[in-house]
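[1] Predicted model follows, preceded by the sequence.
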Amino acid sequence: MLLPIQLDRTSSLPLQDQLFDQVRHLIVSGNLKPNTRVIATRFLAEQTGVSRTTVLLVYERLISEGYLKTQPTVGTFVCDVLPDAPVRKRLQNSVEDKGAVRHAQAHPGIFVPSPVAPAEPPLQMDFCRFLPDASLLPSKAWLRSTQSILERQAQEAADSVPIQGLKILRQVLADWLAARRGMAVAPEQIIIVSGLRQAYAIISHLFQKRGDRVVVESPGNPDLIQFLVRRGASIIPVPVDHHGLMTEHLSDESPVSLVCVSPARESPVGGTLSLSRRQRLIDWARKTGAYIIENDIDSDLRYLGSPPLPLIAMDSSGLVFHIGSFSQTLGAGLCLGYIIAPTEFVGATSAIKAMSDDGCSWIEQRVLADFIGAGAYDHHLRRLRRTLMARRDCLIRALEANFGSVRLVGVEAGAQLTWLLPPDFPSANKIKELARMQGLDVYAVLEEPICGQSPDIYGNRALVLSYAAMEERQIKEGIARLAGIIENIRSDIHSSVA
C-alpha cells in the first residue's frame, strides 16, 4: 500500500520531520483509518527514497506519541483513539469554516476552534502495548554501528545476500544460543527470516496441507490461528494454565501434523511450560509423528531464574523447529528473526524461503551480528530487563494497593502479566469496554470457542496488563483509574439488584 507522500528535498525542514508530519496528518485527517495496518518500514523507505533507519525513527516517534501501535508478530497499526481525536473530529465535521478546515489540512497539527462537541478522550493509559517504548531501544548505538559498517564494508553491501542469511550472523547466533540457552545447533541449521510470521508460513508450508489437524494453545495467538484456518487446517485447541500447555489433553487417536507452542511464555496468558510437560510433549510428538513449532517468545526477558531448557535442546528425533525474533527486545521495526530447523529439513526450509523473498536486508543482518558478537546485545538486555522488572514490580504493587491480594500469572518473564479476577468482580470484557470509554486500554482474555471447539479455562475472568511502554507514574495512575472503574461497575450492579 503506497502512501500519498511527497518529500521536498529543497526544504530546510529535515526529511525525517517532513515524513513524520505527513504520516501523522494522514492519520489525524482520517485518510488512514483506526486499526489500519501501515506500510512496512522497508517499503516506505523504498517509496520515499530515504533510509529505512529514517522511517524506523519516524514510526517509533509516532508510536511513542500515540498515533501508531504495534501488535507482536502481527505488525504496526493506526491507534483506535488518537491524541488528536478532537482535532480530527472538528476537521471532519465542521461546516461553518471550510477555509479553516482547508488550512488545517494543509498544516497538520493546527487546532481549529469549532462548536462541535469534543470527541471521546484520548487513550492516555495503554496496558495493551506489548513492545517496549522507543526510549528503551538502543537506537543511537545501532545507528553508530550501521554507519561504521557501511563505511568499512561498502562493497559487501553491494553483494547478494545468501537466502539462508549472512554466515557471520548465523555463526554468532549459534554461539550465543549455545552459551545463553544450552542449544547445541550448527550455523547451517539456522535460516534468517523477516520475523515470526514468515517463520510460521515456511514451516506450515512444509507439513500442513488442507484438512490436517494442528494443535494450538487456548487461549493463544488469534492471528496465528486465523492464518492456519485460512490454510485449511483443522484446529485442535488445547487449554493452557500457569504451567503452559496442558499436555494431558493431547490425544493420539487421530494424526496431527503440527503443534504450535510458546513454552517459554505462553501468549497471551503467560504460563511457562514445566519440564515434565516439555518431556511429555516431545514423547507424544515422537509417538504420533507430529512436528513442533517452538516460539521462543520472551526468553530474553526473564526475571526469575534461568530460561527453561528449550524443547529443541531436549529433542533427539529432529521433530522441533525453533523460531525466534528480535522485535520484543530491539523493536518491531527490526524485521529479523530465525528458524532453527532439524538437519534433514534445512534444504527444504531454505528452498521455501528462497521462493518467498530474495533474502533479508544485508545491513541489518550485519549490524545485528556485530551487536551480538561484541556483547552490545547482552548489555542492552541487562538494561532492558532492569527497567521492565522495575515496571513489573510497580504494577504488582499498584494492583495490591488497590485490590488487596491478587492472583497473577506470567510474572516470571515478558513485558505483561495476567490478573485472574476475583469471582465477585465484573467480567474481563465488561471491564475492558468501560475502561476504554474512559481512556484506559486493557486486554481481556475472553471465553470464546476456537473454531467451534471448547473455550479456554479462564472463562472471561482474566485481564492481561502490559507494562512495556508505560512509566511507573503512568502505571500507578492507570491502576488507580482501573480501580475506580471496577468499583463503579460493582456499585451499579449492587444498586440494580437492590
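    Arrived safely, thanks for sending.
[2] residue ranges with poor pLDDT in the protein?
    1-2, 72-73, 84-124, 154-160, 447-456, 492-498 (pLDDT under 70).
[3] Give the other helices and strands that the longest strand anywhere in it contacts.
    Secondary structure of the chain per DSSP state E: the longest strand is strand 234-241. Contacting strand 234-241 under the criterion 3 or more CB pairs under 8 Å, 6 or more residues apart in numbering; DSSP states H and E are the following elements: strand 213-218, helix 222-230. C-betas here are computed from N, CA, C, even on glycine.
[4] For it, which outside residues touch it?
    211-220, 225, 228-229, 245-247, 249-250, 256, 266, 269, 271, 450-451, 453-454, 456-457 (CB atoms under 8 Å, 6 or more residues apart in numbering).
[5] Now the buried members of the residues you listed.
    Buried subset of these (neighbour count, 16 or more other CB atoms under 10 Å): 212-220, 225, 228, 245-247, 250, 256, 266, 269, 271, 450, 456.
[6] can you map out the strands along the stretch 351-498 of the chain?
    For the stretch 351-498 of the chain, strands defined by DSSP state E, counting those that start in this stretch occupy the ranges 407-409, 416-420, 440-441, 443-445, 462-466.
[7] possible to save the ones you listed as TSV with mean neighbour count and distance to Gln153?
    Formatted as TSV, the strands of the stretch 351-498 of the chain follow (neighbours: other CB atoms under 10 Å; distance: least, CB to CB, whole Å):
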stretch	mean neighbour count	distance to Gln153
strand 407-409	17	46
strand 416-420	23	39
strand 440-441	22	44
strand 443-445	21	43
strand 462-466	23	38
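[8] Please identify which of those strands is closest to Thr53.
    Nearest of those to Thr53, taken as CB to CB: strand 462-466 at 26.3 Å.
[9] So what's the gap between the closest one and the chain middle?
    15 Å (CA atoms, centre = their mean, to the nearest Å).
[10] What helix or strand is the closest residue to Arg366 other than its chain neighbours located in?
    Of all residues beyond its chain neighbours, the one nearest Arg366 is Ile149 (5.3 Å), with distances taken as CB to CB, 6 or more residues apart in numbering. Remark: Ile149 resides in helix 139-152, with elements defined by DSSP states H and E.
[11] Give me the contacts around that helix.
    Contacts of helix 139-152 with the rest of the structure, by CB under 8 Å, 6+ apart, involve 53, 57, 60, 157, 330, 363, 366-367, 370-371, 376, 380.
[12] switch to 10 Å and redo it
    51-53, 56-57, 60, 138, 156-157, 330-331, 333-334, 362-364, 366-371, 374, 376-377, 379-380 (CB atoms under 10 Å, 6 or more residues apart in numbering).
[13] now do the same end-to-end measure for stretch 226-239.
    End-to-end distance of stretch 226-239: 17 Å, with CA to CA, to the nearest Å as the criterion.
[14] and Ile39, what does it touch?
    The contact partners of Ile39, taken as CB under 10 Å, 6+ apart, are 1-3, 5, 23, 32, 45-47, 55, 59, 75-76.
[15] what about it, which SS state?
    Three-state call for Ile39 (DSSP: H, G, I helix; E, B strand; the rest coil): coil.
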